[in-house]
Structure formats: structure tokens, C-alpha cells
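Asks: how would this look folded up:
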Amino acid sequence: MFESSPEFPEGSSSPGKESTASSIYDGDELTSIDVPIDRLSVLDVMDNLALTTKLNRINSKVWKKGGEIKGMAIRQRDRVLKGREEDIDRYKKRLLNALNTFETKLEDAKIVSQREKIMFSFGLGNVFLSGLIIGAHPEWFHVWYSVQLCYLMPIRIYSYRKRAYQYFLADLCYFVNLLLITWLWVFPSSPRLFLSCYCLSYGTLSWAVITWRNSLVLHSIEKTTSSLIHVLPAVVLHCIHFRISDEFKDTRFPGAAKLESINLKDGFIWATVWYFIWQTFYHVFITIRRQEKIKAGHMTSFEWLRRSYKDTALGKFVNSLPEPASVLAFTMIQFGYQLLTMLPCPIWYRSKYLSGIFVFAIFMVASYNGATYYIDVFGRRFQKDLNKLQSDVATWHNSSTPPSPLVDAPKKSDSDVDRLDLTDSAMTTATEDAIKPLRHSINDATIAFNVPVVSENRNGSGNGNGNGNGKEGDAGIASETEDEFQFKKEN
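Replies: Sure thing, here's the model as predicted:
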């Protein structure tokens with residue numbers, strides 16, 4: 001249909017005719033050729049129209065890929081930001097949990113402390129009233145002593161049975177107090193019973209404050225009771241022998257009036273009689289009849305001594321003996337201790353000054369043990385917990401990377417970690433808002449209990465006993481001391 005044009009040499013054109021450059025689209029490639037204008041065909045024009053359509057299609061694909069890349073970037077940004085918010089929320093939750101735990105402990109301590117304040121006031125008032133009666137009306141002190149036993153012993157029986165310590169109620173200290181009450185109100189005219197009570201009270205009972213470390217802790221009714229049942233019997237007998245008038249003594253306590261001096265031999269004999277009466281009942285009703293319960297875990301003074309002194313030479317000797325022989329050895333050792341503590345009794349009986357000094361010294365030992373409890377056990381335990389909490393807060397606040405809250409966070413890639421800056425203003429603000437109430441609570445507790453405040457620095461470390469650099473040996477000793485006070489029951 002169309003005639004083909006003649007070919008011309010490369011680089012030349014048809015004579016008398018103008019030439020133009022025409023781009024022809026050949027499938028996937030663009031080919032640029034020089035075609036004379038008068039030689040352009042309809043197909044050449046249609047090829048140029050196809051090129052425009054292809055360019056539009058490529059441009060559409062580019063915009064589509066750009067949209068996908070933009071959406072991927074937005075999703076990546078949202079995922080990283082969401083992960084950071086989760087980390088911040090987890091960090092705040094950890095700090096708030098610590099705050100709630102600390103505040104719960106403070107609230108519980110407030111409830112307990114209210115009861116302890118009442119008991120402390122009662123214990124201190126008891127000591128004051130006892131001193132007032134001794135000084136103003138010594139003839140009534142035995143009544144005051146009896147009244148105290150009437151309300152303290154039921155509490156002791158209830159608390160010991162609740163903790164499965166009821167077998168400690170069969171110890172010698174309770175037997176001596178029962179013996180003294182019997183003499184005061186049933187057989188006050190018996191000189192031999194008075195002699196036995198005097199030797200046992202000034203002997204084994206008083207010295208047990210030293211050997212068993214009884215502590216006068218005024219806010220604890222348990223420890224106050226333990227101290228009173230060891231100290232008061234000697235005080236009662238001191239008042240009867242030295243403080244009341246002879247006329248009243250002859251009328252109310254003729255047994256004491258008849259005994260002008262103590263014969264050490266008679267004291268040994270009668271004290272030994274009552275001691276073996278007690279030991280007989282103890283071994284029959286406790287060691288033998290309650291043998292299965294003791295093996296099941298019920299504690300007695302004998303079992304406690306065997307466990308506590310198992311590493312000493314005397315403890316190894318007693319524990320190495322067969323079962324009946326070990327009980328007999330323990331009985332004889334305790335009997336020897338009783339005779340040894342009874343040796344100074346004639347001296348106390350002859351001199352009211354020496355007797356008063358001895359009773360006062362026993363009371364001071366109990367008071368010192370109570371002060372040791374307050375400082376070494378009660379105070380240092382609270383100081384240790386408070387310093388640890390202060391150190392944790394200081395570490396969380398100053399550390400560039402919070403140590404604990406991100407432990408459970410999902411694992412992130414290196415690029416995500418680079419994007420997640422936990423030291424920016426958002427993390428700083430969240431951390432500060434979370435620990436601000438915790439700091440107020442710690443400062444209030446610090447002021448209330450006079451605990452040294454843990455200082456901070458900006459190098460990411462807290463100073464104080466709670467940061468691992470402080471000495472915790474004292475706190476460990478305090479815990480052991482508390483256990484000793486808990487389980488060392490008085491005999």
C-alpha cells in the first residue's frame with residue numbers, strides 16, 4: 001500500500017527534503033532513528049502514542065511502590081513507638097508496685113505499732129507502779145505480784161499453745177512461781193517451803209536471766225512476761241524479808257519470821273527435794289507420755305538445748321549418749337547448775353544492801369537484753385529494708401538503662417534498639433513521676449525512724465548499706481539474735 005523510500009547513505013538525507021528524528025518504541029526498548037518528515041507513517045505515530053502509555057504505567061508503579069514503602073515506614077515507626085510506650089509503662093508499673101508494697105508495709109506497721117504502743121505504755125507503767133509499791137507500801141507487793149500472774153499467765157498459756165510451745169510451760173521457772181504462790185496464799189507459816197522458794201528464786205530463777213538472755217522488751221507482752229516471772233519472785237522475797245515490818249511479818253508470813261538465817265545445807269536439801277519432785281513430774285508427763293508429739297516436732301527445753309549446743313563439747317557428749325542416758329545426763333547437769341547458783345544465797349539473805357544490788361543487777365541485765373533487741377533486731381532490720389529500698393530507687397533513677405523493667409520486654413533488633421532511646425524526656429518524666437511519691441514515703445519513714453538517708457550521685461550509683469557495698473553482717477547477727485530470743489524459752 002505504501003511505497004518504500006529509497007535508501008540513502010548513512011548520515012545523508014534526501015535532496016531537497018528536510019529530515020527529522022523520530023523515536024520508535026520497539027517492545028521493551030526505545031530506538032531513536034532519523035526519518036524524513038515526509039516519510040513518517042501512521043504506524044510511526046502510533047508507536048509514539050504507545051510510548052506515552054508505557055511511561056504512564058511505569059509512573060503508576062513507582063507511585064504504588066512509594067506508597068508501600070511509606071506505609072511500611074509508618075508501621076515500623078508505630079511499632080517502635082508502641083514498644084517504647086510499653087517499656088515505659090512496664091517501668092512505671094515496677095516502681096509503683098514497689099511503692100505499693102512499701103506503703104502496705106507501713107500501713108501494717110502502723111496497725112501493729114498502735115498495739116505495741118499500748119503494750120509499751122503498759123509495760124513501762126508496770127515497772128513504775130512496781131517501784132512505787134516497793135517504796136511506799138512493800139507489804140502489798142506480794143499482792144501486786146499475784147495480780148500480775150493472774151492476767152499474764154493465761155495470755156502466756158494461750159500464746160504458747162497457739163505456737164505449739166505448751167511444753168515449755170512445764171519448765172522450772174513456772175514451777176517455782178507456782179511454789180511461791182502456794183507459800184504466799186496457802187502455807188505462809190512453813191519455813192521450809194519459804195527456804196525452798198528463796199533458794200530457787202535467788203538461785204536458778206534469777207541467774208536464768210543471764211544464762212537464757214531474758215529481755216525486758218516493753219512493747220512485747222511475751223518478753224515482758226518472761227522477764228517478770230524470773231525477776232519478780234526474788235523481789236517479792238526481798239520485800240518480805242527486808243522491807244516489811246516485823247509485826248506484819250509475824251502476822252502475815254510467820255514462816256519467814258521464823259527463819260533468821262539460811263543454813264546452806266538445809267537450803268540444798270529442801271531445794272533439792274522440790275527440784276526432784278518437779279523433775280519426776282516433768283519426765284513422766286512430758287518426756288515419756290508426750291514422746292510421740294515431741295518427735296513430731298513439739299519443742300521442749302531439753303530438745304532445744306540439745307539442738308542449740310550440739311556443736312559444743314558438752315552438747316556432743318550428751319547427744320552421744322543413748323536415749324535414757326542422755327536425759328539423765330541433762331538432768332544432772334541442770335541439777336549441778338542449780339546447786340552452783342544457790343551458793344551465794346546465805347550472803348543475799350544476811351545483807352539487804354547486797355540483796356538489793358543483786359536483784360537490781362538482774363533487772364539491769366534484762367533491761368540491757370531488751371535494749372539489745374531494740375537496737376540490733378528491731379532497728380537494724382528496719383534500717384536494712386529501708387536502705388535497700390532507697391538504693392533500688394536511686395539506681396533506677398540514675399541508671400541510663402533501667403535494669404529490671406525491660407527484662408521481660410520482647411527482644412528487639414539492633415535497628416529498633418537504636419531508635420529506642422530510654423534516656424529521652426519522655427522516659428525521664430515517666431520515671432520521675434513514678435518515683436516521686438516513693439521518695440516522699442521513704443523520706444517520711446527515714447525521718448520517723450532516724451535512718452541515715454542514702455545519698456545519690458549522677459554517675460548512676462547510690463551510696464548506702466543497701467547497694468551491696470555496705471556491711472550486712474550486723475543485720476545478719478540481728479536476725480540470729482531475734483531467733484535466739486524467739487526460741488530461747490526460759491526455764
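
Asks: just the strands in this protein please.
Replies: 19-26, 29-36 (DSSP state E).

Asks: If you average pLDDT over each of those strands, which is lowest?
Replies: Averaged per stretch, pLDDT over those is lowest on strand 19-26, reaching a mean of 45.

Asks: Could you list the low-pLDDT ranges of the stretch 1-150 of the chain?
Replies: Low-confidence segments of the stretch 1-150 of the chain (pLDDT under 70): 1-55, 59, 77, 79-88, 91, 99, 102-112.

Asks: again, only this time at 50
Replies: 1-32 (pLDDT under 50).

Asks: Same check on the stretch 351-491 of the chain?
Replies: Scanning the stretch 351-491 of the chain for pLDDT under 50 picks out the ranges 400-427, 430, 448-449, 451-491.

Asks: try 90 this time
Replies: 372-491 (pLDDT under 90).

Asks: what about the closest residue to Leu200 other than its chain neighbours, neighbour count?
Replies: Nearest residue to Leu200, sequence neighbours excluded (Cβ to Cβ, 6 or more residues apart in numbering): Val176, at 4.7 Å. The C-beta positions use only the backbone N, C-alpha and C, and glycine is treated the same way. Using other Cβ atoms under 10 Å as the criterion, Val176 is surrounded by 27 other residues.

Asks: Val176 against Pro233, yeah?
Replies: Yes - if you go by Cβ atoms under 8 Å, Val176 and Pro233 touch, sitting 6.4 Å apart.

Asks: Now do the shared contacts for those two.
Replies: The contact sets of Val176 and Pro233 overlap at Cys197, Ser201, Leu205 (Cβ atoms under 8 Å, 6 or more residues apart in numbering).

Asks: Let's have those residues in a markdown table, adding neighbour count.
Replies: Shown next, in a markdown table, are the shared contacts of Val176 and Pro233 (neighbours: other Cβ atoms under 10 Å):
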| residue | neighbour count |
| --- | --- |
| Cys197 | 29 |
| Ser201 | 26 |
| Leu205 | 28 |
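
Asks: Between those, which sits nearest Ile333?
Replies: Leu205 (17.3 Å; Cβ to Cβ).

Asks: what's the distance between that closest one and Phe248?
Replies: Distance, Leu205 to Phe248, by Cβ to Cβ, to the nearest Å: 25 Å.

Asks: ok now do the residue nearest to Phe242 when sequence neighbours are not counted, which residues does it touch?
Replies: Excluding its sequence neighbours, the residue lying closest to Phe242 (Cβ to Cβ, 6+ apart) is Lys352, at 3.9 Å. Neighbour list for Lys352: His238, His241, Phe242 [criterion: Cβ under 8 Å, 6+ apart].

Asks: Could I get the pLDDT score of the first one?
Replies: I take that to be His238. 97.

Asks: looking at it, it is touching Gly356, isn't it?
Replies: Yes - in this structure His238 lies within contact range of Gly356 using Cβ under 8 Å: 6.7 Å.

Asks: Those two: who's more crowded?
Replies: His238 (24 against 16).

Asks: who touches the more buried one in this structure?
Replies: Lys352, Ser355, Gly356, Val359.

Asks: change it to 7 Å
Replies: Contact partners of His238, counting by Cβ atoms under 7 Å, 6 or more residues apart in numbering, are Ser355, Gly356, Val359.

Asks: Columns distance to Met153 on top of the residues you listed, output as JSON lines?
Replies: Shown next, in JSON lines, are the contacts of His238 (distance: Cβ to Cβ, whole Å):
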{"residue": "Ser355", "distance to Met153": "26"}
{"residue": "Gly356", "distance to Met153": "27"}
{"residue": "Val359", "distance to Met153": "22"}
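
Asks: Kindly indicate which of those lies nearest Thr224.
Replies: The closest of the contacts of His238, once distances to Thr224 are taken by Cβ to Cβ, is Val359, at 17.3 Å.

Asks: my guess is that closest one meets Pro233, correct?
Replies: No - at 10.1 Å, Val359 and Pro233 do not qualify as touching, with contact defined as Cβ atoms under 7 Å.

Asks: higher neighbour count, the two?
Replies: Pro233 (24 against 21).

Asks: didn't that one look like it was pressed against Leu205?
Replies: Yes - at 5.8 Å, Pro233 counts as touching Leu205 under the criterion of Cβ under 7 Å.

Asks: what sits in contact with each of those two?
Replies: With contacts taken as Cβ under 7 Å, 6+ apart, Pro233 and Leu205 have Val176 as neighbours in common.

Asks: if we can go back for a sec, of the contacts of His238, just say which sits nearest to Gln114.
Replies: Checking those against Gln114 by Cβ to Cβ gives Val359 as the nearest, at 33.6 Å.

Asks: tell me the contacts of the closest one?
Replies: The neighbours of Val359, taking Cβ under 7 Å, 6+ apart as the test, are Ala234, Val235, His238.

Asks: In space, what's closest to it - neighbours in sequence excluded?
Replies: Val359's closest residue in space is Ala234 (Cβ to Cβ, 6+ apart), at 5.2 Å.

Asks: Check Leu321 too.
Replies: Ala329 (5.7 Å).

Asks: Now do that neighbour against Val231, distance only.
Replies: On the measure of Cβ to Cβ, Ala329 and Val231 end up 30 Å apart.

Asks: Show me which of the two is the more surrounded one.
Replies: Neighbour count, other Cβ under 10 Å: between Ala329 and Val231, Val231 has more, with 24 against 16.

Asks: quick one: the more buried one from Trp348, how far?
Replies: Where Trp348 is concerned, Val231 sits at a distance of 14 Å (Cβ to Cβ).

Asks: repeat for Ser201
Replies: 10 Å.

Asks: and if you look at Tyr158?
Replies: 35 Å.

Asks: got it, and Leu129?
Replies: 25 Å.

Asks: Likewise for Gly71?
Replies: 98 Å.

Asks: neighbour count winner among these two?
Replies: Applying other Cβ under 10 Å to Gly71 and Trp348 shows that Trp348 carries more neighbours, namely 24 against 10.

Asks: Apart from its chain neighbours, what residue comes closest to that one?
Replies: Trp348 sits nearest to Ser355 (Cβ to Cβ, 6+ apart), 4.3 Å away.

Asks: The one you found against Cys345, yeah?
Replies: No - here Ser355 lies out of contact with Cys345, judged by Cβ under 7 Å, at a distance of 9.8 Å.

Asks: Which of the contacts of His238 sits closest to Ser121?
Replies: Nearest member of the contacts of His238 to Ser121, counting by Cβ to Cβ, is Val359, at 24.5 Å.

Asks: Just put the contacts of Lys352 in JSON lines and tack on distance to Lys223.
Replies: Converted to JSON lines, the contacts of Lys352 look like this (distance: Cβ to Cβ, whole Å):
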{"residue": "His238", "distance to Lys223": "23"}
{"residue": "His241", "distance to Lys223": "28"}
{"residue": "Phe242", "distance to Lys223": "28"}
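
Asks: just these now: which is nearest Val377?
Replies: His238 (31.4 Å).
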